[in-house]
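Visitor: Model the structure of this input:
(chains A, B and C)
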Amino acid sequence: MTSHSITHEDEFRAGRELSLDHRKLGMWLFLASEVMFFGGLIGTFLHYKATVPSPESAELDTVLVGINTFILVTSSLMVVLGLDSIRRGNRRGLLTYLGLTALLGAVFLGGQGYEFVSLYGHGITLTSSVFGSSFFTLTGFHGLHVLIGVAWALLTLGKALRGKYSAEDHVGVEAFGLYWHFVDIVWIVLFTIIYLI
Amino acid sequence: MTSSSSPSTHVASRARQYVMVFVALAVITAIEIAMTQTSIPASLANVFFLAFSLAKATLVATFFMHLRDDSRIYTAIFLLPVVLVLAFSTLMLMSAGGH
Amino acid sequence: MTSESIAAKPVPAWRRYFGWSTDHKVIGLQYLVTSFFFFLVGGAMAGMIRTQLLAPDSTLVSAEAYNRLTTNHGSVMLFLWILPVLAGLGNYLIPLQIGARDMAFPRLNALSFWLLVPSGLLMLASFFVGAAEAGWTAYVPLSVAGPDGQTLWAISVVLLGTSSMMGSINFVTTIFTMRTAGMTFWRMPLFTWSMLATSILVLTATPVLTAGLVLIAMDRLVGTLFFSVSAGGDPILWQNLFWFYSHPAVYIMVLPAMGAISEIFPVFSRKPVFGYKMIAFSSLAISLLGLTVWAHHMFTSGMDPRLRVPYMISTMIIAVPTGVKIFSWLATIWGGKLRLDTPMLFALGFISMFLIGGITGVFLAAIPIDLHVHDTYFVVAHLHFVLFGGSVSGAYAALYYWYPKITGRRLDERLGKVHFAANFIGTNLAYLPMFLAGLLGMPRRVVNYDPRFTELNQLASLGAFLLAASVLPFLYNVIVSWVSGPKAGDNPWQAKTLEWKTTSPPPAHNFDMPPVVTEGPYDYGEAAQGSLTPSPSAAGD
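Guide: Prediction:
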């Protein structure tokens, strides 16, 4: 019926047989839930975009935010180049790219802050209209995710400084990267539905 | 497991691939911004914007998030909610004028 | 090959259960006890509701208090009893059933339980600042305008949802990556399969409710205009966000119960499960289809009329995998050597009562019928048959079945049968009259009603009081048996799933050596003997 011949150290063997790392799997499952969370907010934004006229949306600065989009996309490149570095055992490369990621993330947040302030200056606020409510809530939650990402990047940077990652074990970097790229993808969608369409 | 701590030179760098994907993303973004400054009819432009958005998201997910190289299970886990959100968003657009 | 020869670690001191533990068995038990407390709270509210409804013009409870009672009865039962008790069973059982030492993320697991505590406290605290009164469905704009307790209610539900999602991340990761050697997906117990199907729903549906609750909270706290009708806000948007979660939620609440009875039927009929793969696939089908039906709760809302028929069709389709399961269970027990112990009684009760609930669900799916009975007691009857007759029966079946494993003691069978009889009679007496009341036109959520419904309401209240009384033999049994019941041994039911191959209760590390699995979990009786090579195990048939 059953016999005993495997030790406890091999407890994730079933995952390895499926080419799954349990930490990456956990992160992907978390990201799936995040897709749905943003989906609820995106559905809300789109519903009101289609049903409530929003002349205020003419005040949106597409070029500025377009440049900001470019900055966020660049930061994703930084993350994956950092991962590429540590996969080859290049710790210094990882540190550099993580630092650049955090920096570009902060610049993105600065750009968003500038856009928000500018809109407030035009009387478009969180509570001024349905458009204001849905715009600031959607982009605000995204910005919050970027902020958490910047903090996470710095935490990962700190761990990298202490030598926690190597060519053989850097799942933590990969997990952070997955989160960061996800936040980038959300922005790609948001930029399109808010600023382009 | 090896215990080597020196750079593993036998693991090839994929930096070139990543940079190429980045260039594609940057070019598409530039085209998008440029299109907003022209007077292309909205209904036509919107089709392009949606297609570009899908393309960019797919590039990031496939190459930067390594869905292409990893287990199909990760892809399925990511794809299901994406499909659901697409369906939900479509329904929320259709409900225009529901009350 | 029993584990008695190997010294098992002693049962953790009771103190462990009140603190932070990363042991999934401790966490599981924390969930079970905490959720049962809230079952009693929700039940007390039901008692007040049914007392008020003994007479058509009773003034025992004010209209405002009545709305708060119905709102919180529903909310407590759904969010703080059924969801966590099933999550608790999943927590306790999944690692044991797949031969693992613990969950993939033990600290996340502890956190997911401890989020339940503030969630519950906030729901209770809401009564001090004016409890939520907009129904558990919290329709806008009423919920945006309501008393302060509504905000606490919203935060409570967000915390509960977060707890739920964390749990499911653990369940899915554990199931995919920590199955012991030889435990292929097709040798996994059906309870574990059901938790996998449930987790898909938890992860995809819960966040949408969270988004909606954030919008309500923001309207209430910072003055956003999401649901301000004069500004263009749309009440139907809330309904879509709410029901996108809350319909799958009912499958989250029933799939684990179905998984539990799938375990019980083969053991108590000494027969292999009929249609093991079909039951597993049906769980997944119910899960995925469950994401497509939500607007059947909105047929009378003024929703886009073009969408109503598609939702009716998708809703009716869900009856198919459910039917597959019911027929598979019946085929499992057919011709079996039935042992009518309490777990089996509750499992059999589940089938009959869930059938009534399910069939009336198909009635409700038909738009023309729904237009007449929406928001009447017909719906109240339907939902209680599936949730009480179904999920709660399943939960009781599971608790009676796994109690020996968790505590190392046997429950008293006579008290169990008394509990079952009172529960079965009480459920039918409480809820069958409500079908008739609804068809005759009695609306739900009303503090007073037309006198022509009086007898039906009195019958229902009688059934409800019987249900309240039925909890007493259960509680007494659980407590006294834990202290002085007969020792259970490793495998009192002679079952074949892995949790029964270790001690009762299991040691902290679950198995002294990770088991290696060489056969399916339900190969009972003569039908299976021919396919087995002789085994040294004495687990017995």
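Visitor: Name the nearest residue to the most centrally placed residue in chain B, ignoring sequence neighbours.
Guide: Geometric centre of chain B, nearest residue: residue B:57, 1.1 Å, by Cα atoms, centre = their mean. Spatially, and ignoring its direct neighbours in sequence, residue B:57 is nearest to residue A:185 (4.8 Å; Cβ to Cβ, 6 or more residues apart in numbering or on different chains). No exception for glycine: its C-beta is placed from N, CA and C like everyone else's.
Visitor: Give me the neighbour count for the one you found.
Guide: Counted by other Cβ atoms under 10 Å in any protein chain shown, the residues lying close to residue A:185 total 25.
Visitor: OK, contacts around it?
Guide: Applying Cβ atoms under 8 Å, 6 or more residues apart in numbering or on different chains to residue A:185 gives the contacts B:57, B:60, B:61.
Visitor: just the residues you listed now: which is nearest residue C:139?
Guide: residue B:57 (34.4 Å; Cβ to Cβ).
Visitor: pretty sure the closest one contacts residue A:191?
Guide: No: Residue B:57 is beyond contact range of residue A:191, at 10.9 Å (criterion: Cβ atoms under 8 Å).
Visitor: Got the confidence number for the residue nearest to the centre of chain B?
Guide: pLDDT for residue B:57: 98.
Visitor: what separates residue A:170 from residue C:174, distance-wise?
Guide: 23 Å (Cβ to Cβ, to the nearest Å).
Visitor: ok, these two, which is more surrounded?
Guide: residue C:174 (32 against 23).
Visitor: who touches the more buried one in this structure?
Guide: C:94, C:95, C:98, C:100, C:103, C:104.
Visitor: let's see 10 Å
Guide: Each residue near residue C:174 by Cβ atoms under 10 Å, 6 or more residues apart in numbering or on different chains is listed here: A:11-12, A:14-15, A:22, A:25-26, C:24, C:90-91, C:94-95, C:98, C:100, C:102-105, C:109, C:192, C:195-196.
Visitor: Out of the residues you listed, which sit inside helices?
Guide: The helices, defined by DSSP state H, take in A:14-15, A:22, A:25-26, C:24, C:90-91, C:94-95, C:109, C:192, C:195-196 from the contacts of residue C:174.
Visitor: can you tell me the helix or strand for the nearest residue to residue C:104 once chain neighbours are set aside?
Guide: Spatial nearest neighbour of residue C:104, excluding adjacent residues (Cβ to Cβ, 6+ apart): residue C:173 at 4.1 Å. Element membership for residue C:173 (DSSP states H and E) is helix C:149-177.
Visitor: go on, residue C:513?
Guide: Judged by DSSP H and E, residue C:513 forms part of no helix or strand.
Visitor: Ok, residue C:516 next?
Guide: strand C:515-517.
Visitor: Quick one: list the elements packing against that strand.
Guide: When contacts are defined as 3 or more Cβ pairs under 10 Å, 6 or more residues apart in numbering or on different chains; DSSP states H and E, strand C:515-517 sits against strand A:2-4.
Visitor: any idea of the mean pLDDT in the strand it packs on?
Guide: 46.
Visitor: And for stretch A:158-178?
Guide: The pLDDT scores in stretch A:158-178 average 96.
Visitor: same question, stretch C:219-227
Guide: 98.
Visitor: same thing with stretch C:13-28?
Guide: Averaged over stretch C:13-28, pLDDT sits at 91.
Visitor: And for stretch C:236-243?
Guide: For stretch C:236-243, the mean confidence score works out to 97.
Visitor: and it, how far from the chain's centre?
Guide: 23 Å (Cα atoms, centre = their mean, to the nearest Å).
Visitor: near chain B at all, it?
Guide: Yes: judged by Cβ under 10 Å from any Cβ of the partner chain, stretch C:236-243 comes into contact with chain B at C:236, C:237, C:239, C:240, C:241.
Visitor: Then stretch C:365-381?
Guide: No: using Cβ under 10 Å from any Cβ, stretch C:365-381 stays clear of chain B, coming no nearer than 16.3 Å.
Visitor: likewise stretch A:64-81?
Guide: Yes: contact of stretch A:64-81 with chain B (Cβ under 10 Å from any Cβ) involves A:64-67, A:69-70, A:72-74, A:76-81.
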